[in-house]
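Student: Next comes the sequence, and after it the predicted model I'd like to discuss.
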Amino acid sequence: MTVWRITRLTGIDRCRAQVRFWILLSRIDFASLIALVGDLIQPEFWA
């Protein structure tokens, strides 16, 4: 069972998981970037 999982993970599933991970990471980065820019634009930040 474990060997089967490892051989499966080295194939298409691994690529899918990697793509899913990068999409999730880019979404988080994009959201945090927008939040950071929003914070910098606010006048309270500079006061």
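Tutor: Great, that's in hand.

Student: Please make it C-alpha for all contacts and neighbour counts, starting now.
Tutor: Fine.

Student: In this protein, where's the longest helix?
Tutor: helix 12-41 (DSSP state H).

Student: What's the first helix or strand after it?
Tutor: Using DSSP states H and E, the helix or strand that follows helix 12-41 in sequence is helix 43-46.

Student: can you list contacts of that next one?
Tutor: With contacts defined as C-alpha atoms under 8 Å, 6 or more residues apart in numbering, helix 43-46 is touched by 39-40.

Student: for that helix, what is the average pLDDT?
Tutor: For helix 43-46, the mean pLDDT works out to 73.

Student: For it, output the C-alpha coordinates as CSV.
Tutor: Output in CSV follows, covering the C-alpha atoms of helix 43-46 (Å, rounded to 0.1, in the frame of the first residue of the first chain):
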residue,chain,number,x,y,z
PRO,A,43,-3.2,57.9,6.2
GLU,A,44,-3.2,56.4,9.7
PHE,A,45,-0.2,54.4,8.7
TRP,A,46,1.9,57.5,8.0
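
Student: mind checking how far the residue nearest the centre of the chain is from residue 13?
Tutor: Central residue of the chain (C-alpha atoms, centre = their mean): residue 25, 1.0 Å from the mean position. From residue 25 across to residue 13, the span is 18 Å (C-alpha to C-alpha, to the nearest Å).

Student: Report how many residues lie close to residue 40.
Tutor: Close neighbours of residue 40, defined as other C-alpha atoms under 10 Å, add up to 12.

Student: show me where pLDDT drops low in the chain?
Tutor: 1, 4-10, 45, 47 (pLDDT under 70).
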